[in-house]
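> Structure for this input, please:
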Amino acid sequence: MDLNIDRNAAEPLIRQLVTHVMGWIESHGIRPGARMPSIRQLAQENGLSLSSVIKAYDQLVAVGVLESRHGAGFFVAQPLSQPTVPDIETDNTRWRLFDNQSTQLKLGCGWLPDAWRDDTDLGQAIRQVVRSDSQALFNYSTALGSPQLRLHIQKRLGLIDIHADLRQILTTQGASHGLDLLVRTLLKPGDLVLVESPGYYNLFNLLQLHGVKTLAVPRTAQGPDIASLERILSQHKPTYFFINSMYQNPTGTSLAPSVAYRLLQLATLHDFRLIEDDIYADFQNGPTSRLATLDALDRVIYLASFSKTLSSSLRIGYVVAQPEIVNRLAEVKMITGIGCSLLAENVVATLLANGAYRKLIQRLRQRLNKQMANTLRQLDPAHWEVFAEPTGGLFIWARPRRLEATRVQQIARELHVQLSQGSTFLPEGEASDWLRLNVAYTQDIRAQRFFQRVEEESVVLQ
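Predicted coordinates:
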């Protein structure tokens with residue numbers, strides 16, 4: 001079996017060997033049960049070491065291509081039957097955007113495309129942690145999280161004028177985990193809280209799960225509608241207000257300074273706390289109004305995450321609050337999950353320490369800014385109504401002016417485009433023709449065809 005191994009290739013020798021053996025089995029039509037050349041024979045025929053062939057055969061056994069029979073050698077394995085994978089769209093339409101098997105363009109999703117991710121720096125950081133920190137491979141993290149990572153988070157917070165000591169910083173398994181800890185720890189069934197409308201749909205699901213009642217505050221281009229909020233506060237006594245201050249999900253809008261100051265005044269006057277979800281913090285362009293900066297973490301609890309910028313799979317976020325609140329959160333965190341992944345925490349810390357993360361977010365900002373500008377130009381005001389023009393981030397909240405929502409959805413399905421319907425982002429799930437558009441996907445050819453079809457049919461209806 002001559003496998004034509006290239007010793008000068010960049011691809012590692014073992015990987016080449018695995019790939020070539022699989023190709024040889026397929027090209028020669030080798031049937032299941034056929035005996036493979038022995039380790040010694042394959043090594044001699046291809047000028048390889050025995051250890052290299054052993055490692056390659058072990059990998060082929062692990063992936064089910066070969067099977068090992070004690071004392072008899074290696075044989076081509078019987079192909080595994082493919083399990084039936086449930087159709088996520090029919091099982092639960094709320095989670096269809098998370099179906100990684102889907103070939104549709106996820107124009108309304110909440111994350112960056114895989115092609116925008118930097119797997120080189122991430123892979124190097126993982127290898128560095130594995131080589132130099134064996135504890136991270138096998139041990140739990142601490143209750144508050146890796147001190148190394150929390151120190152880097154502390155420094156990053158200082159850059160946006162949020163000054164906290166290490167006792168005020170708790171790592172979480174992403175921002176969603178942070179929200180869950182806050183709801184579990186600070187609220188009980190029947191409590192009343194304020195949320196934005198439109199707002200983050202999974203926060204609504206989380207609060208409903210825990211039996212917490214919500215009061216919806218309309219979101220404007222400058223932030224929460226202060227007049228509506230004041231009317232609500234004159235009749236009710238909420239304990240918390242969950243809010244996105246910058247590049248809000250789904251509208252893409254950010255807090256105006258006057259709105260931010262008034263929110264803090266009302267929080268003091270009516271004795272409620274603000275939970276500031278700043279998950280898009282690292283996409284920031286220019287100055288912005290953060291509640292945690294203005295309030296110095298008195299009535300504000302701040303949370304953010306590296307999931308949107310670095311990796312959705314590397315689940316690391318953090319909560320910043322007064323020490324007594326952080327201690328309570330840490331206790332619930334340990335009871336419900338025994339901490340975060342120390343390996344993931346140290347990988348993020350490594351990327352922060354070596355400057356790779358800073359360079360990554362600079363590239364992402366530039367790319368998103370270009371995509372945002374191009375998309376806003378493309379949404380012809382005659383055919384699309386845009387809620388507000390965001391200054392950065394991922395989202396535009398918009399709707400076709402002339403086409404009915406059902407027709408827009410039909411066009412999207414015909415072109416294999418998945419949309420995020422406006423009703424998803426409303427606390428009561430009422431019907432809405434607004435759409436969340438993720439600008440990272442809008443230049444894809446399928447998105448371009450979608451916009452073109454909407455424009456063509458809108459012109460006909462003029």
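
> CA only for contacts and neighbour counts going forward, please
Fine.

> residue ranges with poor pLDDT in the stretch 351-462 of the chain?
Across the stretch 351-462 of the chain, residues meeting the criterion (pLDDT under 70) sit at 462.

> oh, I was asking about the chain
9-11, 80-102, 462.

> per the record, what domains does it have?
13-76, 88-116+359-460, 119-354 (automatic domain parsing).

> which residues are in contact with the longest helix seen in the chain?
Counting by DSSP state H, the longest helix found in the chain is helix 356-378. For helix 356-378, contacts defined as Cα atoms under 8 Å, 6 or more residues apart in numbering pick out 116, 118, 121, 282-285, 309-310, 351-352, 389, 392-394, 439-440, 442-443.

> after it, next one along is what?
Downstream of helix 356-378, the next assigned helix or strand under DSSP states H and E is strand 384-386.

> Which one of the domains of the chain lies nearest to residue 7?
Comparison of the domains of the chain against residue 7 by Cα to Cα identifies domain 13-76 as nearest, at 6.9 Å.

> Extract the C-alpha set from the longest strand seen in the chain and format it as CSV.
Identified as the longest strand of the chain according to DSSP state E is strand 213-220. Taking Å, rounded to 0.1, in the frame of the first residue of the first chain, the C-alpha atoms of strand 213-220 are listed here in CSV:
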residue,chain,number,x,y,z
LYS,A,213,-43.5,39.1,36.4
THR,A,214,-42.4,41.7,33.8
LEU,A,215,-43.4,45.3,33.0
ALA,A,216,-42.4,46.4,29.5
VAL,A,217,-40.8,49.7,28.9
PRO,A,218,-40.7,50.8,25.2
ARG,A,219,-37.3,51.3,23.7
THR,A,220,-36.7,54.4,21.7
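
> right, and the helix or strand after it?
strand 223-224.

> strand partners of that next one, parallel vs antiparallel please.
Pairing partners of strand 223-224, with direction, according to DSSP bridges: strand 213-220 (antiparallel).

> Show residues contacting the strand it pairs with.
189-198, 207, 224-225, 228-229, 232, 253, 427.

> Also stretch 114-125?
310-311, 347-348, 350-351, 356, 360, 364.

> Which residues belonging to that stretch are considered buried?
Neighbour-count burial for stretch 114-125, counted by 16 or more other Cα atoms under 10 Å, picks out 121-122, 125.

> next one: stretch 12-30
Those buried within stretch 12-30 under the rule 16+ other Cα under 10 Å are 13-14, 16-18, 20-21, 25.

> Kindly report the same for stretch 267-284.
Buried residues in stretch 267-284 (16+ other Cα under 10 Å): 267, 270, 272-284.

> and if you look at stretch 412-430?
Those would be 412, 416-427, for stretch 412-430 by 16+ other Cα under 10 Å.

> same check, this time on stretch 159-171
162-164, 168-171.

> In strands, which of those residues fall?
169-171.

> Need the max-distance pair from the buried residues of stretch 267-284.
Checking the buried residues of stretch 267-284 with Cα to Cα, the most distant pair is 270 and 283, at 32.3 Å.

> separation between residue 423 and residue 317?
28 Å (Cα to Cα, to the nearest Å).

> ok so, going back, can you list the contacts of stretch 114-125 in TSV and add neighbour count and distance to residue 385?
Formatted as TSV, the contacts of stretch 114-125 follow (neighbours: other Cα atoms under 10 Å; distance: Cα to Cα, whole Å):
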residue	neighbour count	distance to residue 385
310	22	32
311	19	32
347	25	42
348	26	39
350	23	43
351	20	40
356	16	39
360	17	33
364	19	26
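
> ok, those vs residue 79, which is closest?
The closest of the contacts of stretch 114-125 to residue 79 turns out to be residue 311 (Cα to Cα; 33.1 Å).

> quick one: the closest one from residue 348, how far?
For residue 311 relative to residue 348 (Cα to Cα), the value is 10 Å.

> How about residue 300?
25 Å.

> before we move on, back to that, can I get the domains of the chain in JSON lines with distance to residue 1?
Shown next, in JSON lines, are the domains of the chain (distance: least, Cα to Cα, whole Å):
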{"stretch": "domain 13-76", "distance to residue 1": "7"}
{"stretch": "domain 88-116+359-460", "distance to residue 1": "36"}
{"stretch": "domain 119-354", "distance to residue 1": "34"}
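
> Just the C-alpha atoms of stretch 375-386, please, in PDB.
Only the C-alpha atoms of stretch 375-386 are listed here, as PDB (Å, rounded to 0.1, in the frame of the first residue of the first chain):
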ATOM      1  CA  THR A 375     -26.500  47.700   4.700                       C
ATOM      2  CA  LEU A 376     -28.000  51.100   5.800                       C
ATOM      3  CA  ARG A 377     -27.300  52.400   2.300                       C
ATOM      4  CA  GLN A 378     -29.000  49.400   0.800                       C
ATOM      5  CA  LEU A 379     -32.200  49.700   2.900                       C
ATOM      6  CA  ASP A 380     -33.900  52.200   0.600                       C
ATOM      7  CA  PRO A 381     -36.000  54.500   2.800                       C
ATOM      8  CA  ALA A 382     -38.800  54.200   0.200                       C
ATOM      9  CA  HIS A 383     -39.000  50.500   0.800                       C
ATOM     10  CA  TRP A 384     -37.700  49.900   4.300                       C
ATOM     11  CA  GLU A 385     -38.400  51.600   7.600                       C
ATOM     12  CA  VAL A 386     -35.300  51.600   9.900                       C
END
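
> And that stretch, what's buried?
Result for stretch 375-386 [16+ other Cα under 10 Å]: buried residues 375-376, 379, 383-386.

> Over to stretch 290-308?
290-294, 296-297, 299-308.

> of the buried residues of stretch 267-284, closest to residue 70?
Nearest to residue 70 out of those is residue 279 (Cα to Cα; 53.4 Å).

> Helix, strand, or coil at that closest one?
coil (DSSP: H, G, I helix; E, B strand; the rest coil).

> Now name the helix or strand holding the closest residue to it other than its chain neighbours.
Leaving out its chain neighbours, the residue that sits closest to residue 279 by Cα to Cα, 6 or more residues apart in numbering is residue 304, at 4.4 Å. Assigned by DSSP H and E, residue 304 belongs to strand 300-305.

> helices or strands next to that strand in the packing?
helix 174-186, strand 273-277, helix 291-295, strand 317-320 (3 or more Cα pairs under 8 Å, 6 or more residues apart in numbering; DSSP states H and E).

> a markdown table please, covering those and showing distance to residue 76.
What follows is these, written out as a markdown table (distance: least, Cα to Cα, whole Å):
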| stretch | distance to residue 76 |
| --- | --- |
| helix 174-186 | 43 |
| strand 273-277 | 53 |
| helix 291-295 | 61 |
| strand 317-320 | 45 |
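
> what's the spacing between residue 45 and residue 281?
Distance, residue 45 to residue 281, by Cα to Cα: 57 Å.

> Check residue 19 too.
In terms of Cα to Cα, residue 19 sits 42 Å off from residue 281.

> Check residue 433 too.
28 Å.

> Confirm residue 5 sits in a strand?
No. Assessed with three-state DSSP, residue 5 is coil; it does not lie in a strand.

> What is the neighbour count of it?
Neighbourhood size, residue 5 [other Cα atoms under 10 Å]: 15.
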